[in-house]
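> Okay, sequence plus prediction incoming.
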Amino acid sequence: MFAAVSSVALVGVDPVPVKVEVHVSGGNRGLHLVGLPDTAVREAKDRVRAAVASSGFRFPNRPVTVNLAPADIPKAGSAYDLPIALGVLAAAGLVPHGVCDVVALGELALDGAVRAARGSLGAASVALETGRPCLVPASSLAEACLVAGADVRGVRSLAHAVAVALGDADGEAVPATTGGAGGAPVDLASVRGQAVARRALEIAAAGAHHLLLEGPPGAGKTLLARSLPGILPPLGPDEALEVARAWAAAGRHCSAPFRPPFRSPHHTATVAALVGGGSGSPVPGELTLAHRGVLFLDELGEFPGQLLDALRQPVEEGVVHVARKGATVRFPCEVQVIAATNPCPCGFLTDRRQACRCSSRALDRYRRRLSGPLVDRFDMRVEVARLAADELLSRPGEASAAVAARVAAARARQAERGALNGNLNRDALDAAPRTPEAVGLLRAAIDRLGLTGRGFDRVRRVARTVADLAGADVVGADHVEEALSFRGPA
Amino acid sequence: MSRDDRLRLAFVGMHPARRGALTEKYGSAGAVVRAVESGAEPVPAAARAAALQSPGRLLGVLRDAGVRPLMNGDPEYPAHLAVLPGAPDVLFVRGELPPVPGVAVVGTRRSTGYGRSLAAAYGSAIADAGWVVVSGLARGIDGAAHRGHVAAGGVGVAVLGSGPDVVYPPEHRDLHDALLSGGGAVVSEYPPGVPPNGWRFPPRNRIISGLSAAVVVVEAPVTGGALVTAAAALDQGRTLFAVPGDVDRTTSRGCNLLIRDGAIPVLDPGDLVEALSLVSSLPRPAATRNAAGADPVLAAVGASGCTVEELAVKTGLDAADVLRRVARLELAGLLCRRGGVVMRGR
């Protein structure tokens, strides 16, 4: 009178196999649920009972014990309804035991229909590892199909699930993939003028450099930032899976995450919303939703210092650690940060036509924020000027596709060396080949432009990317000169 | 007075006021030189030794240092300086001294960044208008003014308080070289090798104003060389301009006093050029422009600066090229960046 169905729990973004064990015995009737269930899981009792009855089966009039093993991992959500129901049916002898030989996940409606639930991506991963078919709600099919090689079958109802598990029916057809994470990016062709900012964007994309855009309101900083994902190379299957997992952990579906995500959290966001956390089981924040993509911080100067400080270490390490009683959860967050800021709170500090209205105190505070430890990690700073009339009337710029091709070529050169330029540390930079003229220029820059040690590294990283875009193996004086223009204040 | 005696007297390198007084007392340069020789007039041993050299030997020293002596009355000696009382008898010149008066841009060595950027902008604007910029190659305002005209590809004259071959301060060596290669001149009334003693600078200032039709004081406290130059300018009948500043800022107090006493206040570089065009003794030549074409980016920056984006539009060069040129000019000290705006000077 025992049956066990596989399912999945998420720890951080990582799927962990869970066994749903069902035992039907003699004695008092009732359904007992053990194994660290949360409220939603506890309520499965009533949904399962109704769904089983609605699907034409007679719920066993005997005591049923359900254990979610391993018992020490907290389980959350309504996704265990389907495996519990299958286990109950098998343990009570109402269907053949063969239905248990699957990895199942899904919420049950009272009429027996299967609804979408979190974790189908993880279920598919577990299914692949265990070599079993995977039953997921039809509406979560696209997400689960990202796991290449897994035998994923979409099911509509409990009865359909039983038939599919026994091989008596086919799963739902896989829907066509559409959309991407964070909406379609802006095409660079729609950005008029801004030759320098476009060049900066191309270099930043090619080397995965964090980029700070500075300029008065209305200069087009946001538009430029939004066009960045469109010139980044598309994600590979493994990267796309990571993105989908990160999104799934946040309870969000990302059906075709082959385009790098673009996230733009507002400066009033909480620390938890930005880096992840929350009460109970931790949920990934915007930072993790931007994993393998772009995190855009608009109005950087308005972000409270505490938010910027919270971002610094994760951005540097590519992973967020959220500590909770008993366990620390890791959320991946390899992001490219692009930030935009006005030169001062009113925005007109550097404008030569309009006077700045900021008090000196406000200016001081603003500057302090823009010179914090996070901003120090920006390899590139570029000023975006307001366009003159003839620039606004100029013909459209180069389209994203053309820029993306150059970016892809530069990325390929970096892949051969093994690391993205934006991640090069000092030792790697010291080892990079460069011409004697380039060395002389760097020395002059330290002497005459007051370049600091960290600024020196930033210039060298960007120079490496400029060289890669030019198809050069050795960093030359031209490349260093261009990189110097993006160094920002010393 | 023989040319030889005048040259030997100039090589003594004494204070111009004393030299003037002694010439009057003894009646001629030759008599003064003989009094120095005999020891009747006490001078430092080195100065005496210099005066004892034969004229041929002295000319050899000048040749070696690349210096030409111009004597008051020579056709090449600038007429606008020659007519002034107290004009140096001998002027030691390196480079090409323009025959026409220029515009002096002077100010304190302890200047503010604001003052320096203005001085550079004025230097550029004056050069762009085709006039010669005259200053003293000193730290602060003087240096910035020179950087301005060098950046604009204009001609400048530096009047030194040391020998014409002694570059002081040493960090202005590159500026000095750029000034000479840009077709300008370095002049001094002191012979080659003379160190920059403090007492040599105030008399030098009368030459700065003397070589100019107008003097612009950018930043000056109530004491200091800039006001000496201003006073000399008024004595010599030159038009005096001063840049107004905060009334309680020490570096602007001298300028504000000059304005109170009648100097013409200067606003932006365009305003200065407009006011200067009314000064009748200034020529209107385009001939003083040096032929060596400046970098297109440098030319496009203009006197009041612009953004990198504007440079790309103005020059029509591609963005990467503009960025490289800006960095190169920045390293050369010809351009600087302030809050997103590229400006001439450093």
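Thanks, I have it.
> Number of residues surrounding B:V301?
Around B:V301 sit 27 other residues, with neighbours defined as other CB atoms under 10 Å in any protein chain shown. (C-beta placed from N, C-alpha, C; glycine too.)
> Check the gap between it and B:G148 for me.
The gap separating B:V301 from B:G148 is 11 Å, by CB to CB, to the nearest Å.
> Repeat that for A:G450.
Following CB to CB, the distance that separates A:G450 from B:G148 is 21 Å.
> the more surrounded of those two?
Neighbour totals were compared for A:G450 and B:G148, and B:G148 leads with 33 against 10 (other CB under 10 Å).
> Look at that one and tell me its secondary structure.
When the structure is reduced to helix, strand and coil (DSSP: H, G, I helix; E, B strand; the rest coil), B:G148 reads as helix.
> Retrieve the pLDDT associated with it.
Model confidence at B:G148, expressed as pLDDT, equals 91.
> Pull up the distance across stretch B:102-120, start to finish.
Using CA to CA, to the nearest Å, the end-to-end distance of stretch B:102-120 comes to 16 Å.
> scratch that, stretch A:226-234
End-to-end span of stretch A:226-234 (CA to CA): 16 Å.
> Mean confidence (pLDDT) on that stretch, please.
Per-residue scores along stretch A:226-234 average to 91.
> nearest spatial neighbour of A:E239, skipping sequence neighbours?
Once its chain neighbours are removed from consideration, A:E239 has its nearest residue in A:R292; the separation is 4.9 Å (CB to CB, 6 or more residues apart in numbering or on different chains).
> okay, now the one you found: neighbour count?
Residues lying near A:R292 (other CB under 10 Å) number 23.
> mind checking the SS state of it?
Following three-state DSSP, we place A:R292 in the coil state.
> Nearest to chain A: which residue in the stretch 101-250 of chain B?
Taking CB to the nearest CB as the measure, the stretch 101-250 of chain B has B:D174 as its residue closest to chain A, at 10.0 Å.
> mind listing what that residue touches?
With contacts taken as CB atoms under 8 Å, 6 or more residues apart in numbering or on different chains, B:D174 has the following neighbours: B:332-333.
> repeat for the one 3 residues further on
With contacts taken as CB under 8 Å, 6+ apart, B:D177 has no neighbouring residues.
> re the thing from before, which residues do B:V301 and B:G148 both contact?
When contacts are counted by CB under 8 Å, 6+ apart, the set common to B:V301 and B:G148 consists of B:R344.
> Tell me the secondary structure at whichever residue of the stretch 1-150 of chain A sits closest to chain B.
Closest approach between the stretch 1-150 of chain A and chain B, counting by CB to the nearest CB: A:L146, at 38.7 Å. Per three-state DSSP, the secondary structure class of A:L146 is coil.
> low pLDDT regions in the chain?
In the absence of a named chain, this looks at chain A. Under the criterion pLDDT under 70, the flagged ranges of chain A are A:27-28, A:175-184, A:254-257, A:280, A:325-327, A:350-355, A:388-395, A:489-490.
> Chain B is the one I meant
B:1, B:284-294, B:339-340, B:345-346.
> let's see 80
Applying pLDDT under 80 to chain B flags residues B:1, B:50-51, B:283-295, B:299, B:302-305, B:332-334, B:337-341, B:344-346.
> Domain parsing of it, as residue ranges.
Domain ranges of chain B: B:1-63, B:102-276, B:296-344, per automatic domain parsing.
> Would you mind finding the most buried of those?
Ranked by average neighbour count under the criterion mean count of other CB atoms under 10 Å in any protein chain shown, those are headed by domain B:102-276 at a mean of 23.
> what distance separates the start and the end of stretch A:469-481?
14 Å.
> Check what contacts that stretch and list those residues.
Contacts of stretch A:469-481 (CB under 8 Å, 6+ apart): A:202-203, A:206, A:406-407, A:409-410, A:413, A:432-435, A:437-438, A:440-442, A:445, A:459-460, A:463-464, A:466-467, B:323-324, B:327-328.
> and if we set it to 6 Å?
A:206, A:410, A:433-435, A:437-438, A:441-442, A:463-464, A:466-467, B:324, B:327-328 (CB atoms under 6 Å, 6 or more residues apart in numbering or on different chains).
> In it, which residues are buried?
Going by neighbour count (16 or more other CB atoms under 10 Å in any protein chain shown), the buried part of stretch A:469-481 is A:469, A:472, A:475-481.
> Give me the distance from that stretch to the chain's centre.
Mean C-alpha position of stretch A:469-481 versus that of the full chain (CA atoms, centre = their mean, to the nearest Å) differs by 32 Å.
> Contacts only, for B:L329.
For B:L329, the contact set (CB under 6 Å, 6+ apart) comprises B:298, B:335.
> if I look at it, how far off is B:A226?
As for B:L329, its distance to B:A226 is 28 Å (criterion: CB to CB).
> Equivalent analysis for B:D318, please.
As it turns out, when the distance is counted by CB to CB, B:D318 lies 44 Å from B:A226.
> Now do the helices for the stretch 301-450 of chain A: every range, in order, please.
Using DSSP state H, counting those that start in this stretch, the helices of the stretch 301-450 of chain A run over A:305-317, A:360-369, A:389-392, A:400-417, A:426-431, A:436-449.
> May I see those arranged in JSON lines, with mean neighbour count and distance to chain B as well?
Formatted as JSON lines, the entries for those read as follows, by neighbours: other CB atoms under 10 Å in any protein chain shown; distance: least, CB to the nearest CB, whole Å:
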{"stretch": "helix A:305-317", "mean neighbour count": "17", "distance to chain B": "21"}
{"stretch": "helix A:360-369", "mean neighbour count": "13", "distance to chain B": "11"}
{"stretch": "helix A:389-392", "mean neighbour count": "11", "distance to chain B": "6"}
{"stretch": "helix A:400-417", "mean neighbour count": "17", "distance to chain B": "12"}
{"stretch": "helix A:426-431", "mean neighbour count": "12", "distance to chain B": "19"}
{"stretch": "helix A:436-449", "mean neighbour count": "16", "distance to chain B": "5"}
